[in-house]
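Asks: Pasting a predicted model and its sequence here:
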Amino acid sequence: MFEFRKPLIAANWKMYKTVGEALDFVKEFLPLVAGVNEVDIAVCPPFTSLAALSIGFKGSTLKLGAQDVFWESQGAYTGEISPTMLLDLDCRYVIIGHSERRHVMGESDLIINRKIKAVGLAGMIPIFCVGETLEEREQGLAREVVRQQLEKGLQDISAQELVIAYEPVWAIGTGVNASPADAREMTGFIRENLAILYDKTWAEDVLILYGGSVKPDNIAQFMAEKDVDGALVGGASLSGVDFAQIVRLNGNV
Ligand code: 13P
């Protein structure tokens with residue numbers, strides 16, 4: 001965690017919480033993080049709770065994010081949601097290329113690339129997820145997989161504002177987090193590659209998050225790593241108390 005990059009702790013709620021449950025979370029969570037200014041906090045609920053949270057977060061420093069987006073701004077695309085619609089609900093971030101979308105919905109690097117471009121054009125910040133499977137890691141392919149995801153996902157993109165989340169697939173939802181050393185190695189590798197793909201100054205400004213079984217009792221170890229600028233938190237972000245502890249790096253809530 002470098003001084004000039006303000007850390008970001010983002011909640012990815014995945015397909016959890018009704019609107020009522022989302023509002024209950026706000027009621028519990030907001031007082032627990034009152035006065036926290038050292039980190040930016042974002043919550044990415046399902047689309048159905050965005051409008052309610054956009055109202056619930058008014059007057060707070062909490063930022064809203066979506067978990068996915070389509071790349072066109074409007075049109076005959078049944079079931080899709082556009083960047084314009086997300087912006088209209090005060091979304092600042094959009095998660096793109098999460099491993100569940102890559103592996104369950106079969107989302108390709110090309111689609112991910114289109115979405116990153118569309119989100120940037122709309123003036124929001126993509127949280128672009130990369131990460132290798134266990135099999136790829138065991139075969140010694142982790143770096144190459146991540147390098148290719150970066151290169152293809154960021155093809156033809158000029159240095160737009162961007163957050164990258166390194167989420168090793170084997171650490172997501174398993175309770176088996178990567179070691180801080182694994183996170184150090186890969187986040188450093190990602191930053192080196194961004195400097196090669198674009199320029200060094202831009203690469204130094206990009207926030208790189210770690211994601212995968214982040215909990216109140218391991219967040220501080222990740223944040224101690226120089227290229228880890230925050231976390232993308234799944235399961236532990238569903239509880240207001242746990243997520244507040246993570247935001248406070250396991251300090252008192
Ligand atoms: P968990 O924190 O539940 O492992 O999920 C991580 C994740 O996928 C965040 O996007």
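Replies: Thanks, I have it.
Asks: contact partners of the helix or strand bottoming out on mean pLDDT in the chain?
Replies: Sorting the helices and strands of the chain by mean pLDDT, DSSP states H and E puts helix 200-205 at the bottom, at a mean of 91. With contact meaning C-beta atoms under 8 Å, 6 or more residues apart in numbering, helix 200-205 is reached by 2, 4-5, 159, 191-192, 194-195. For every residue, glycine as well, the C-beta is placed using N, CA and C.
Asks: do the following helix or strand past that helix and the ligand meet?
Replies: Going down the chain from helix 200-205, the next helix or strand is strand 207-211, by DSSP states H and E. Yes: using C-beta under 6 Å from any ligand atom, strand 207-211 reaches the ligand at residue 211.
Asks: Next: stretch 60-71.
Replies: No: taking C-beta under 6 Å from any ligand atom as the criterion, stretch 60-71 and the ligand are apart, separated by no less than 8.6 Å.
Asks: Output the contacting helices and strands for the longest helix anywhere in the chain.
Replies: For the chain, the longest helix by residue count, based on DSSP state H, is helix 180-197. Here helix 180-197 touches helix 142-153, strand 163-166, helix 200-205, strand 207-211, helix 219-223, going by 3 or more C-beta pairs under 8 Å, 6 or more residues apart in numbering; DSSP states H and E.
Asks: for this structure, what are the low-confidence residue spans?
Replies: 1-3, 252 (pLDDT under 70).
Asks: and it, which of its residues are near the ligand?
Replies: By C-beta under 6 Å from any ligand atom, the residues of the chain that approach the ligand are 12, 98, 167, 172-173, 211-214, 232-236.
Asks: Of these, which pair is most distant in space?
Replies: 98 and 236 (16.3 Å; C-beta to C-beta).
Asks: Settle it for me: which of those two has more neighbours?
Replies: More neighbours surround residue 98 than the other of residue 98 and residue 236, with 27 against 20 (other C-beta atoms under 10 Å).
Asks: Nearest residue to that one in space, please, no chain neighbours.
Replies: Closest residue in space to residue 98, ignoring its immediate chain neighbours: residue 129 at 4.8 Å, by C-beta to C-beta, 6 or more residues apart in numbering.
Asks: I figured residue 207 was touching residue 232, is that so?
Replies: No: using C-beta atoms under 8 Å as the test, residue 207 is too far from residue 232 to be in contact (10.6 Å).
Asks: ok, and the closest non-adjacent residue to the residue in the stretch 101-250 of the chain positioned nearest to the ligand?
Replies: Residue of the stretch 101-250 of the chain nearest the ligand, by C-beta to the nearest ligand atom: residue 234 (2.3 Å). Spatial nearest neighbour of residue 234, chain neighbours left out: residue 12 (5.2 Å); criterion: C-beta to C-beta, 6+ apart.
Asks: ok, which stretches of the protein are strands?
Replies: With DSSP state E as the criterion, the chain has strands at 8-12, 40-44, 63-66, 91-96, 125-130, 163-166, 207-211, 230-233.
Asks: Mind putting those into CSV with mean neighbour count and distance to residue 201?
Replies: What follows is the strands of the chain, written out as CSV (neighbours: other C-beta atoms under 10 Å; distance: least, C-beta to C-beta, whole Å):
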stretch, mean neighbour count, distance to residue 201
strand 8-12, 25, 20
strand 40-44, 23, 21
strand 63-66, 23, 25
strand 91-96, 24, 22
strand 125-130, 26, 18
strand 163-166, 26, 16
strand 207-211, 26, 15
strand 230-233, 28, 20
